[in-house]
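Asker: Sequence and predicted structure, then a few things I'm wondering about:
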Amino acid sequence: MKSIVLSSVVVALLVFSGCSTKEPAVDTKTEEVTAPVAQEVEEVMTETVTGENAEISSSTNSLNSNQFSTGAIESKFPTVYFDFDKYNIRPDMQEKVDTAAELGKTTAKSFNIKLEGNCDEWGSDEYNFALGLKRANSVKKALVAEGVDASRISMVSYGESNPVCTEHTRECWAKNRRVNFKLLP
């Protein structure tokens, strides 16, 4: 009995002595390091604008046009909506899946496709994450059936954490039950 009490006292002392009230030391050297980097970036940007470094300017322009084309292609992908507590593709959404498959096989064939499953706020977090993944998986299966390579498709579920509408109405909840398409390089 004495050894249990003594052991408890020792453990309590170790726990309480391990907690510190000191403020953590802040490294102020990061400000000194980031200032020269910012100056270098500014110098490169100035050189690009003045034409002294046309090579960087052309690569920057091609990068911006590539990002623009990715965004333009991505905006053509439709959003697929689902019924409450369902993950099967509705007949009225099949045309949107067909459109997405055609885009995936032609215009966006050099990109990977990320399917983002989303839910409304009803149900537990765990249930909604699982339902969002099931919705993304049903769209993936439909895309693969239409001829899109399965290795190019990844899925993620946001559950209820990524709403496009936050009102508490049936119409708003219906907008949140969806799968979005994102393009990845």
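Answerer: Ah, there it is. Numbering: from 1, shown residues only.

Asker: Show me the shaky parts of the protein.
Answerer: Along the chain, the model assigns pLDDT under 70 to residues 10-68.

Asker: need the strands for the chain, in chain order.
Answerer: For the chain, strands defined by DSSP state E occupy the ranges 80-81, 112-118, 153-159, 178-184.

Asker: Quick check: which of those is nearest to Lys96?
Answerer: Lys96 lies closest to strand 80-81 among the strands of the chain, at 5.4 Å (Cβ to Cβ). Using the backbone N, CA and C atoms, a C-beta is placed for each residue, glycine as well.

Asker: Parallel or antiparallel, which strands does that closest one pair with?
Answerer: Sheet pairing of strand 80-81 (DSSP bridges) gives strand 178-184 (antiparallel).

Asker: Wait, Glu116 touches Ser154, no?
Answerer: No - if you go by Cβ atoms under 8 Å, Glu116 and Ser154 don't touch, sitting 9.8 Å apart.

Asker: out of the two, which sits in the more crowded spot?
Answerer: Per other Cβ atoms under 10 Å, whichever of Glu116 and Ser154 has more neighbours is Glu116, with 20 against 14.

Asker: Could you pull up the residues touching Val156?
Answerer: By Cβ atoms under 8 Å, 6 or more residues apart in numbering, Val156 lies in contact with 114-117, 133, 136.

Asker: One more pass at 6 Å, please.
Answerer: Counting by Cβ atoms under 6 Å, 6 or more residues apart in numbering, Val156 makes contact with Glu116.
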